[in-house]
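Chemist: One predicted model, sequence on top.
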Amino acid sequence: MKPVVQEEISGCGIASVAALAGLSYQEARTVANSLGIFAADRGLWSDTHYVRILLKHFGFSAGEGESPFSSWNELPDLALLSIKWHLENGHPFWHWVVFSRDQNGPVVLDPKKSLKTNRRADFWRIKPKWFIPVSHKR
């Protein structure tokens with residue numbers, strides 16, 4: 001799996017799903033827009049509904065609800081994480097990233113444009129609030 005860089009300030013959810021689906025940001029954005037999902041909608045930062053719609057469209061199953069983060073070892077092999085969680089005017093906001101564990105070990109794919117590398121293993125710097133387990137439908 002390769003990281004996908006977000007091309008819009010609130011496009012982290014679209015970019016994270018693009019990474020899971022093996023698509024470019026533009027391809028995922030086109031599909032998202034056709035489903036009524038737009039990066040300009042700040043709800044993409046504060047609601048899991050939009051990302052769940054995209055995941056389902058691309059054949060992924062997402063766990064119900066959000067599971068509190070307890071440790072990196074407790075995460076499933078594939079998950080969407082909420083990091084940089086904060087409140088703005090009483091509304092929660094966060095940044096979406098992908099967590100993946102495979103034969104090469106664990107990694108976080110962070111779509112943030114300004115990073116030197118979007119493939120991260122600096123887990124001590126990343127502070128997840130909660131996660132959504134993700135699996136590919138069979």
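Modeler: Thanks, I have the structure now.
Chemist: Sketch out the helices for the chain, chain order is fine.
Modeler: Along the chain, counting by DSSP state H, helices occupy 12-21, 25-34, 43-46, 49-57.
Chemist: a markdown table for those, including distance to G90, mean pLDDT and mean neighbour count?
Modeler: For glycine as for every other residue, the C-beta is placed from the backbone atoms N, C-alpha and C. Below are the helices of the chain laid out as a markdown table (distance: least, Cβ to Cβ, whole Å; pLDDT from 0 to 100; neighbours: other Cβ atoms under 10 Å):
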| stretch | distance to G90 | mean pLDDT | mean neighbour count |
| --- | --- | --- | --- |
| helix 12-21 | 21 | 96 | 27 |
| helix 25-34 | 26 | 97 | 17 |
| helix 43-46 | 11 | 71 | 19 |
| helix 49-57 | 19 | 94 | 18 |
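Chemist: export the ones you listed to a markdown table and tack on distance to R125?
Modeler: Listed next are the helices of the chain as a markdown table, based on distance: least, Cβ to Cβ, whole Å:
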| stretch | distance to R125 |
| --- | --- |
| helix 12-21 | 17 |
| helix 25-34 | 24 |
| helix 43-46 | 20 |
| helix 49-57 | 23 |
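Chemist: Out of these, which gets nearest to T117?
Modeler: Across the helices of the chain, T117 has its closest neighbour in helix 12-21 (13.8 Å, Cβ to Cβ).
Chemist: Measure how far that closest one is from the centre of its chain, please.
Modeler: 6 Å (Cα atoms, centre = their mean, to the nearest Å).
Chemist: could you give the angle of it to helix 49-57?
Modeler: 20 degrees (axes from the mean of the first three to the mean of the last three Cα atoms, to 10 degrees).
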